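structure for this input, please:
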Amino acid sequence: SSDVCSSDLINIITKKASETLDNFVAITAGNEEKFIGTVRSGSQIDKNKYMRIYAKHSEHDESEGSINDGWNMTRGGFKFEWLKSRKDTVNIQGDVYHSNQDRDNKLPNSTTPYTTNEFHKDKMRGGNIMLNWHKEINENNKTKLQFYYDNVNRDIRILSQKRHTYDVDFQQNITTKRNSFIWGGGYRLIRDNLGATEFITFGDLTKTDFIYNIFFQDEYFLIEDKLRLTVGSKLEYHSVTSEEIQPNIRVSWYPTKNQTVWSAVSYAKRVPSRAERDINLTVQYDPNVSNFVTRNGNNNLKSEEAISYEIGYRYAFIPKMSFDITGFYDEYDKLINDSFATYPALKFANDGEAYTYGGETSIKAYITNFWETDLSYSFVDSNFEVINDSNSQNSLKKAYEDTSPKHQVRFNNYFNLPKDFELDTYLFFWTQIDKASDSIDEYTRFDMRLGYSPSYKYTFSLVGKDLFDKQHQEFFTPLLSPQTEIGRSIYANIQVRF
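All right, here's what the predicted structure looks like:
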């Protein structure tokens, strides 16, 4: 059993059209999820062609407190599947959507109290279409060609945006008894048009970026069924930073049939974003005084770099019980940070560095034929610093260090009860988060789902989230917006198939 809303969405998007030939209706209603309605219909057009269409509308309540942030979304789409032959499959799918979101903006003001609260109804609409062609040359040689287009239009108080993305991707997978080799390449073009406001503008309101890439991954058993080596790399040419090489290597050792020991080293880069290169943003440096600065983009920024070291161990005690433990250490260089160019102007610069480390352990087990349990614990810590720059404000430390709880515990249980009932419980615990300027208290969240499925055609569910607490804070205050809190949520869901 699972969260009903999540599983509905996964089925609509990912399942083959030939696997969803029935009709489906789902309705959710509650205090936070005010209404979610989904309809889906699948059909077989002829011997080897299938079609699925769907529509979904959702209405969501405001967060706790005197905050206007309720939102709604309407979306619809289709998926067409053509089984040309046993070795050729063509899929075409697309979606369109429209969303409205209430937003309270906390905008800078030159007079006391130096901020102005302004309500705006943000709007977003867009659509996408994707074509996939899977061809099997033989059972050991398979190819995939994909074309994708996406269009986004955002109308929000501080910035409007129109963006078009075009993408083409090809990959080939060649396998032998001890080897699996994948290679491919792609091209992506992004064209956007931004609308400036008195708070945010860009040096170039219209811009086009592109990325070429080629990649490979070779997975090879050095010792059959005992030692596997995986080596890969991606080479990108970006219109912003030119060439970027990102290699990785992984080793997996199988000392016994039910044990795996693995380790990996990866090198990755992040290209500076459109905003980091070109933005001009007015913000309030101190909320208690009329002290405004501008954050300016920098077209000379380099890509951020990261090296990740990972190690893990998995042991399957019995077919229905497993134990996992993993650890990681990541190093970051050339991180993008605020630096005073000429007061009161801040300019982005590659003068940050950081490291993070942590680990996770989990155990999953089927206690009985009707009880499944999943217990996990994770730890993460980080440190962000600036490299020899007396003008730096170390906004990295303020923005990213200690923004996640160091300790998290999750304990889930799934029960298949008599008379076609299901009971799922989810327990989460997060420790307190302390930043230099703010903090979030530790909290415990308990969710529960009671389900009833008298047949394949009907499913009824009652879900409660955050049952231990009426409301709590989970996130720090977003830019130019007031703080929000997550409230207790209770909703019912009905699913009908026919």
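
avg pLDDT for stretch 188-207?
Stretch 188-207 shows a mean pLDDT of 88.

span of it from start to end?
End-to-end distance for stretch 188-207: 14 Å, by Cα to Cα, to the nearest Å.

SS state for S18?
Using DSSP: H, G, I helix; E, B strand; the rest coil, the structure places S18 in helix.

and what of E276?
Classification of E276 using three-state DSSP returns helix.

can you check L301 too?
L301 ends up coil, using three-state DSSP.

quick check: it touching P272?
Yes. Between L301 and P272 there is a contact at 4.2 Å, judged by Cβ atoms under 8 Å. Every C-beta, even on glycine, is put in place using the N, C-alpha and C of the backbone.

excluding chain neighbours, what is closest to D441?
Nearest non-adjacent residue to D441, counting by Cβ to Cβ, 6 or more residues apart in numbering: Q432, 5.7 Å away.

equivalent analysis for Q246, please.
Nearest residue to Q246 in three dimensions, chain neighbours excluded: K234, at 4.7 Å (Cβ to Cβ, 6+ apart).

ok, what's across the strand from the one you found?
F215, Q246 (DSSP bridges).

neighbour-wise, which of L301 and P272 wins?
More crowded of L301 and P272, by other Cβ atoms under 10 Å: P272, with 23 against 20.

isn't the more buried one right up against N300?
No. In this structure, P272 is not within contact of N300 by Cβ under 8 Å, at 9.5 Å.

follow-up on the earlier one: H472 is in contact with the residue nearest to D441, correct?
No. The pair Q432 / H472 is not scored as a contact, 11.8 Å apart, by Cβ under 8 Å.

who touches both of these two?
Taking Cβ atoms under 8 Å, 6 or more residues apart in numbering as the criterion, Q432 and H472 both touch D441.

more neighbours: which of the two?
Taking neighbours as other Cβ under 10 Å, Q432 and H472 compare with H472 leading, 19 against 13.

what sits against that one?
Residues in contact with H472 (Cβ under 8 Å, 6+ apart) are 441, 443, 445, 466, 485-486.

again with Y97
The contact partners of Y97, taken as Cβ under 8 Å, 6+ apart, are 73-76, 124-127.

cool, and I325?
Going by Cβ under 8 Å, 6+ apart, I325 touches 312-313, 359-362.

can you put these in TSV and add secondary structure and distance to R497?
Formatted as TSV, the contacts of I325 follow (DSSP: H, G, I helix; E, B strand; the rest coil; distance: Cβ to Cβ, whole Å):
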residue	secondary structure	distance to R497
G312	strand	40
Y313	strand	42
G359	strand	42
E360	strand	37
T361	strand	39
S362	strand	33
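
just give me the closest of those residues to E353.
Set against E353, the nearest of those by Cβ to Cβ is G359 (22.0 Å).

tally of neighbours for that closest one?
G359 has 16 neighbours, counted by other Cβ under 10 Å.

ditto for the one 10 residues further on
Residue neighbour count, defined by other Cβ under 10 Å, stands at 8 for N369.

can we start the residue count at 21 from this point?
All set: I'll call the first residue 21, so the last point we hit is now N389.

where's it relative to F435, distance?
N389 sits 11 Å away from F435, taking Cβ to Cβ, to the nearest Å as the criterion.

quick check on the contacts of H492: which are buried?
Listed as buried from those are 463, 465, 486, 506; burial here means 16 or more other Cβ atoms under 10 Å.

where along the protein do the helices fall?
Per DSSP state H, the chain carries helices over the ranges 24-34, 294-298, 415-420.
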